[in-house]
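[1] Sequence first, then the predicted structure, then my questions.
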Amino acid sequence: MTILLHLSSIFLLLLLQIPKSAYANIEGDALYALRRSVKDPNNVLQSWDPTLVDPCTWFHVTCDSENRVTRLDLGNAKLSGNLVPELGKLQRLEYLEVYMNNFVGTIPSEIGRLKNLISLDLFHNNLTGFIPPSLSKLSNIRFMRLNGNKLTGRIPRGLTKLHNLKILDVSNNDLCGTFPTWGSFSKLTEESFMNNPRLEGPELMGSVGYDDRDGN
């Protein structure tokens with residue numbers, strides 16, 4: 001038992017001594033995975049050089065004092081392709097701004113790992129599939145704009161527990177069912193949900209049970 005405690009202490013000490021460059025490499029690799037997955041006709045991502053020690057010198061990337069990525073600004077950049085699950089490795093990311101591009105495919109569930117995320121702006125792309133229930137883990141989120149895509153399925157009820165949520169916009173998609181009116185949703189207007197032809201209207205709390213695991 002004493003040996004196990006000693007080994008655990010050594011392991012914890014090693015974790016605390018992980019150099020900043022290790023995190024930088026992980027985050028640089030994650031961003032470069034995004035670069036590889038998209039088409040970039042205007043060379044917006046030209047400075048994203050994987051041979052550099054960290055991505056903090058790359059354009060459209062903002063870091064904190066510890067060289068951890070906190071912001072990704074790629075709005076209206078004429079990018080096309082898929083968002084990648086590696087984005088979930090940007091643990092200190094606060095702003096994910098990839099609006100007004102031509103991203104396709106689904107919203108990676110791994111985005112739900114970004115516990116520091118304040119703003120998630122994916123609006124005006126061509127994203128499909130359902131809204132990942134994992135987004136209900138974004139406890140610091142204030143702004144979630146998913147409007148102007150081709151999202152389907154029901155709205156995850158877990159999103160009502162996001163107490164910091166100020167703005168939610170899922171309008172102009174193809175969502176179905178009803179939308180909740182309690183929790184953080186009690187402050188929202190119907191404009192947040194408009195232009196979803198299969199969305200039937202507000203739901204009274206407790207009136208219908210849903211299983212959000214598959215988004216249907």
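    Structure received.
[2] what's the next secondary structure element after the least confident helix or strand in the chain by mean pLDDT?
    The helix or strand of the chain with the lowest confidence, counting by mean pLDDT, DSSP states H and E, is helix 2-16 at a mean of 47. Toward the C-terminus, helix 2-16 is succeeded by helix 20-37 as the next helix or strand (DSSP states H and E).
[3] Give me the contact list for that following helix.
    Where contact means CB atoms under 8 Å, 6 or more residues apart in numbering, the residues beyond helix 20-37 that reach it are 45, 48, 50, 52-56, 58, 61, 66-69, 72, 81-84, 86-90. Just so you know, the C-beta spots here come from the backbone N, C-alpha and C atoms, and that holds for glycine as well.
[4] nearest residue to Val44 other than its sequence neighbours?
    Of all residues not flanking Val44 in the chain, Ala77 sits nearest, at 4.5 Å (CB to CB, 6 or more residues apart in numbering).
[5] residue contacts, the closest residue in space to Glu203 that isn't next to it in sequence?
    The spatially closest residue to Glu203, leaving aside those adjacent along the chain, is Thr178, at 3.7 Å (CB to CB, 6+ apart). Contacts of Thr178 were listed using CB under 8 Å, 6+ apart, and they are Leu199, Glu200, Gly201, Pro202, Glu203, Val208.
[6] tell me the secondary structure for the third one?
    Right, the one you point to is Gly201. The assignment at Gly201 comes out as strand when based on DSSP: H, G, I helix; E, B strand; the rest coil.
[7] can you pull the contacts of the residue nearest to Val44?
    Contacts of Ala77 were listed using CB under 8 Å, 6+ apart, and they are Asp40, Asn42, Val44, His60, Asn101.
[8] Against Val38, how distant is the nearest residue in space to the second one that is not next to it in sequence?
    Counting by CB to CB, 6+ apart, the nearest residue to Asn42 once its immediate chain neighbours are dropped is Lys78, at 5.4 Å. Between Lys78 and Val38 the computed distance is 10 Å (CB to CB, to the nearest Å).
[9] which of these two has more neighbours?
    Taking Lys78 and Val38 together and counting by other CB atoms under 10 Å, Val38 has the greater number of neighbours (20 against 13).
[10] wait, doesn't that one sit right on Val98?
    No - contact status for Val38 versus Val98: not in contact, 9.7 Å apart, counting by CB atoms under 8 Å.
[11] Spell out which residues are contacts of both of these two.
    In contact with both Val38 and Val98: Leu79, using CB under 8 Å, 6+ apart.
[12] so where's the protein shaky on pLDDT?
    For the chain, the stretches with pLDDT under 70 are 1-24, 204-216.
[13] mind giving me the domain ranges of it?
    Residue ranges for the structural domains of the chain, counted by automatic domain parsing, are given in the record as 17-127, 129-216.
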